[in-house]
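Novice: The following block contains a protein sequence and its predicted model.
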Amino acid sequence: MTASRRALFGFIAAVLAVLTFHQGMWALLYAAGMLPRAPFPMLPTSPFGVPLILSLCFWGGLYGLVFGLLLPRPPRQVPTWLLGLGLGLVAALVSWFIVAPLKGQPVAAGFVPQRILISVLINGAWGIGVGLILPALLRTTDRARLAG
């Protein structure tokens with residue numbers, strides 16, 4: 001499979017993971033009273049007023065695009081879901097130490113343990129989702145290509 005197809009499927013897998021795993025964990029945390037906002041938030045983001053859920057899908061998709069490009073190179077003995085968990089943790093770290101300061105927010109969720117835990121749980125669930133969905137998409141397209 002070409003690099004561009006892996007990137008495309010990485011993007012798609014990551015968007016699907018935002019809509020299922022990420023928002024699923026968000027829903028669980030909301031139900032447990034750990035988050036003030038319900039999942040699938042539509043509140044506008046800066047600077048363009050795009051609904052938050054669409055922004056999460058877009059940025060998650062970009063991470064997935066890179067993951068799709070890098071996926072054929074990992075050691076074969078490492079499960080893809082575990083690599084996806086690593087992706088989720090990288091996304092959390094980038095959010096804490098790069099994105100938050102750029103937005104004028106406290107670094108690392110202000111080092112508040114509950115906020116750090118929430119970020120790790122949501123991003124980790126998303127990453128695991130990417131690690132499960134992407135290989136399934138790649139297998140499906142390989143089978144379709146062989147049958148066609």
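Specialist: Yep, it's here.
Novice: now the helices: where do they sit in this structure?
Specialist: 3-17, 23-31, 52-70, 80-94, 100-102, 113-147 (DSSP state H).
Novice: How about the second one, which residues are buried there?
Specialist: Buried residues in helix 23-31, counting neighbours by 16 or more other Cβ atoms under 10 Å, are found at Gln23, Gly24, Met25, Trp26, Leu29. Every residue, glycine included, has its C-beta placed from N, CA and C.
Novice: Likewise for the fourth one?
Specialist: In terms of neighbour count (16+ other Cβ under 10 Å), helix 80-94 has its buried residues at Thr80, Trp81, Leu83, Gly84, Leu85, Gly86, Leu87, Gly88, Ala91, Ala92.
Novice: With stretch 112-130 instead?
Specialist: With burial defined by 16+ other Cβ under 10 Å, the residues of stretch 112-130 counted as buried are 118-130.
Novice: Isn't Thr82 up against Gly127?
Specialist: Careful, residue 82 is Leu and not Thr. No: counting by Cβ atoms under 8 Å, Leu82 does not reach Gly127; the two are 9.3 Å apart.
Novice: now the angle from the least confident helix or strand in the chain by mean pLDDT to helix 80-94?
Specialist: Using mean pLDDT, DSSP states H and E, the weakest-scoring helix or strand in the chain turns out to be helix 113-147, at a mean of 87. Here helix 113-147 points in a direction 140 degrees away from that of helix 80-94 (axes from the mean of the first three to the mean of the last three Cα atoms, to 10 degrees).
Novice: Report the angle between helix 113-147 and helix 3-17.
Specialist: Computed by the same axes, to 10 degrees, the angle separating helix 113-147 from helix 3-17 equals 130 degrees.
Novice: outside of stretch 20-36, which residues touch it?
Specialist: When contacts are defined by Cβ atoms under 8 Å, 6 or more residues apart in numbering, stretch 20-36 is touched by residues 37-40, 53, 56, 60, 114, 118, 121-123, 125-126, 128-130.
Novice: likewise stretch 43-53?
Specialist: Counting by Cβ under 8 Å, 6+ apart, Val18, Gln23, Arg37, Phe40, Pro41, Met42, Ser55, Phe58, Lys103 sit against stretch 43-53.
Novice: and the closest residue in space to Met25 that isn't next to it in sequence, what is it in contact with?
Specialist: Excluding the flanking residues, the one nearest Met25 by Cβ to Cβ, 6 or more residues apart in numbering is Ala125, at 3.9 Å. Counting by Cβ under 8 Å, 6+ apart, Ala125 makes contact with Phe21, His22, Gly24, Met25, Gly88.
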